[in-house]
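>>> The following block contains a protein sequence and its predicted model.
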Amino acid sequence: MAYNLCSSPSLFQDVPSVSFSSSSSSSRKFKFRNMSSSSFQPFPCHSFTSQSRTLLHAPHVSLQEPISEELPAEGKSPSYYKSSRIWVNPRSPRAKQLERKSYDARYTCLVNVAKSLDSCNPSQEDVSLVLKILGDRVLEQDAVTVINNMSNSLVAPFVLNYFQRRIRSTREAILYNVTLKVFRKSRDFDAMEKLFDEMIQRGIKPDNVTFSTIISCARVCSLPHMAVEWFEKMASFGCEPDEVTYSVMIDAYGRAGNIDMALHLYDRARTEKWRLDTVTFSTLIKMYGLAGNYDGCLNVYQEMKVLGVKPNMVIYNTLLDAMGRAKRPWQAKSIYTEMMNNGLSPNWATYASLLRAYGRGRCGEDALFVYKEMRGKGMEMSTHLYNTLLAMCADLGLADEAFEIFEDMKSSATCLCDSWTYSSLITINSCSGDVSEAERMLNEMIESGFEPTIFVLTSLVQCYGKAGRTDDVVKTFDQLLDLGISPDDRFCGCLLNVMTQTPKEELLKLKYCVDKANPKLGSVVRYLVEGLEEGDGEFRKEASELFDSIPEEVKKPFCNSLIDLCVNLDLLDMACQLLDLGLTREIYTDIQTKSQTQWSLHLKSLSLGASLTALHAWINDLSQVLEAGEELPPVLGINTGHGKHRYSDKGLASVVESHLNELNAPFHEAPDKAGWFLTTQVAAKFWLESRDLVTA
DNA sequence: CTAGGGTTAG
């Protein structure tokens, strides 16, 4: 028997017809996936140009027309062979290539049908008109390919109906499943549920594919509870979840915030010896990353390798992204190195993750090296990738590089600037205190048709605050409200930070903003700014309520700024109360540590005011130890960290050092340990006792 | 691309 893969050679200039001798046993292997050799009916595709109009108005052309009903007898050419008939050994690469080309051509035809359907009216008549071209005998496989390539969820049900009337299938769920996929593409969960009901009513049994499609649709529609609901429904339809369903559900549970359940499923999948593949692992890594469990990400990665699953690009990119979130640039680097050693070359997602990791991890040199490498490789740029570069520059304060990248972006024909682009540029200029350049960018943003976002306005508040332009801070605040944006915690934190840099006589203007933005914060600030007398722990109670009401990640910056404000206003008692509150609520942790040989004070994560307050508290604690007749350890140390401090232009070290000098404290900078001030038990004891004499 | 699952921002 000869398989004739291309019945009309003239249609394929470079694809000659092929026949395979039945004597070759390998011809069995030569078939298309999901299709038995005998069921394959080749057809020419000459009428299928990319123009769907041509397609529709070519009624004399049928996909099936030139097909010979009888396959040619061995060694005899069918009548429609004209020329260029070549015998090809089915084992040869040439045969594989021909198979490929023939398949591709057929596939392209069906994709074009799908495209025409997408742009036609959602009616049975119009759908029939397009589909007539497939002839009366439609192959199930072709129907699947057509629907699978559609994206119009209004037309899809008519197409399904058309095919159902022409195809007698023993596996009717398939056409339903592939139609469900179209709904998934347009995120139409309601349509999905409706079609499922129809399936049931027609007595067609849903299978795992049905459920995993519905579940993953719920996921992309941000309806994780629906995903769970449908998963739990499976059993009542006689479906046992398999590895794909587990993989989807691990993700759905993760996104629903039910990580325990996700891990439970993973355990089950593992003990039931499902073949776990990279998709499941990347899902797990992603889930741990979003939950902030970064060691969990690395554990999954290790476990995956132990189980013999080879990491692919998606795994590496997901890991890199997680390490970026974790602010662990060094781990991102070693993962990237491993990726390269495994012979994989970075794509856009790799670069985006790396840039983010190095930007957030303050690794300027590494980040710029990535940028150079991208340029050197001629990496195809996108708006998103440009924006990632600009965000990296904003993280690292690289104004010149940002300008260069921005110019490059504007000269690109395909990558349009968007509100993210301007946002990064405004942030960069705001951080470097360039008010006029920040304003110029804001204007350009507005002229380009983008409204300022809360991120832009937050940056501007910071910018004006730094420049001492309190009225413009207030103006920016009002602009935020005018745009109907409600101030978030970051914005309030920024206002609070501006207050720590504002002279006392202007603070009332900012208090107005804080009051409006967050009344709880306003009532705490009132004690400081209005010099409110506090009786009976009122202040502490208000501050406690404030910290109860804000999310974990903003507690420390709020507390730092509030303490700074106290210190600026000489309200040391309230500063101490806030520090104590911060310690008891574990907003600050491990500030004081004790070992056999050394007691230490760690100030690195504290603002300047909070550092000085913590220093005073520590000195008081040490005095009390002596008063109680107990001993100090051999060494006492203060760790300020070195380098530039987040909250100050001056390093924290120099501020603490001059304060220690003022106090005549015997701490001295350690020559071999940067950022440490040390003293001995004897010196400390002598100083503390003489100090107590003075204050007594 | 081949009836189901995974990687792009404050």
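Perfect, thanks for sending it.
>>> give me every residue that touches A:Asn121.
Going by C-beta atoms under 8 Å, 6 or more residues apart in numbering, A:Asn121 touches A:Val155. C-beta here means a position set from N, CA and C on the backbone, and glycine is covered the same way.
>>> where's it relative to DNA strand B, distance?
Distance, A:Asn121 to DNA strand B, by C-beta to the nearest atom of the strand, to the nearest Å: 26 Å.
>>> Kindly report the same for A:Leu160.
Relative to DNA strand B, A:Leu160 is positioned 13 Å away (C-beta to the nearest atom of the strand).
>>> cool, and A:Ile563?
As for A:Ile563, its distance to DNA strand B is 23 Å (criterion: C-beta to the nearest atom of the strand).
>>> any low-confidence regions in the stretch 451-600 of chain A?
Within the stretch 451-600 of chain A, not a single segment meets pLDDT under 70.
>>> which ones are touching the closest residue to DNA strand B within it?
Residue nearest to DNA strand B within the stretch 451-600 of chain A: A:Phe455 (3.9 Å; C-beta to the nearest atom of the strand). By C-beta under 8 Å, 6+ apart, the contact set of A:Phe455 is A:423, A:427.
>>> ok, and it, which helix or strand is that part of?
Using DSSP states H and E, the element containing A:Phe455 is helix A:454-466.
>>> Let me know whether the helix or strand following that helix sits next to DNA strand B.
Moving toward the C-terminus from helix A:454-466, the next helix or strand (DSSP H and E) is helix A:470-482. No: Helix A:470-482 stays clear of DNA strand B (C-beta under 7 Å from any atom of the strand), getting no nearer than 14.3 Å.
>>> burial measure for A:Ser92, as a count.
Applying the criterion other C-beta atoms under 10 Å, we find 10 residues in the vicinity of A:Ser92.
>>> ok, now A:Trp420?
For A:Trp420, the count of nearby residues is 18 (other C-beta under 10 Å).
>>> Report the central residue of chain A.
Against the mean C-alpha coordinate of chain A, by C-alpha atoms, centre = their mean, the closest residue is A:Asp321 at 7.3 Å.
>>> and the closest residue to that one other than its chain neighbours, what does it touch?
Of all residues beyond its chain neighbours, the one nearest A:Asp321 is A:Ser353 (4.4 Å), with distances taken as C-beta to C-beta, 6 or more residues apart in numbering. With contacts defined as C-beta under 8 Å, 6+ apart, the neighbours of A:Ser353 are A:317, A:320-321, A:324, A:332.
>>> mind redoing it with 7 Å?
Contacts of A:Ser353 were listed using C-beta atoms under 7 Å, 6 or more residues apart in numbering, and they are A:317, A:320-321, A:324.
>>> likewise A:Leu495?
With C-beta under 7 Å, 6+ apart as the criterion, the residues that contact A:Leu495 are A:461, A:510, A:513-514, A:517.
>>> Could you count how many residues lie near A:Phe686?
12.
>>> What sits closest to it if chain neighbours are left out?
Nearest residue to A:Phe686 in three dimensions, chain neighbours excluded: A:Pro666, at 7.6 Å (C-beta to C-beta, 6+ apart).
>>> would TSV of the contacts of A:Ser353 with pLDDT and distance to DNA strand B be doable?
Below are the contacts of A:Ser353 laid out as TSV (pLDDT from 0 to 100; distance: C-beta to the nearest atom of the strand, whole Å):
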residue	pLDDT	distance to DNA strand B
A:Asn317	97	3
A:Leu320	98	9
A:Asp321	97	5
A:Gly324	97	9
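>>> nearest to A:Ser595, of the residues you listed?
Proximity to A:Ser595 was ranked across the contacts of A:Ser353 by C-beta to C-beta; first place goes to A:Gly324, at 33.9 Å.
>>> residues contacting the closest one?
Listed by C-beta under 7 Å, 6+ apart, the contact partners of A:Gly324 are A:332, A:353, A:356-357, A:360.
>>> picking up where we left off before, just the closest of the contacts of A:Ser353 to A:Ala173, please.
With C-beta to C-beta as the yardstick, the closest approach to A:Ala173 among the contacts of A:Ser353 comes from A:Asn317, at 34.0 Å.
>>> Name the SS class of that closest one, please.
When the structure is reduced to helix, strand and coil (DSSP: H, G, I helix; E, B strand; the rest coil), A:Asn317 reads as helix.
>>> Just confirm it contacts A:Thr350, I think it does.
Yes: at 5.4 Å, A:Asn317 and A:Thr350 qualify as touching, with contact defined as C-beta atoms under 7 Å.
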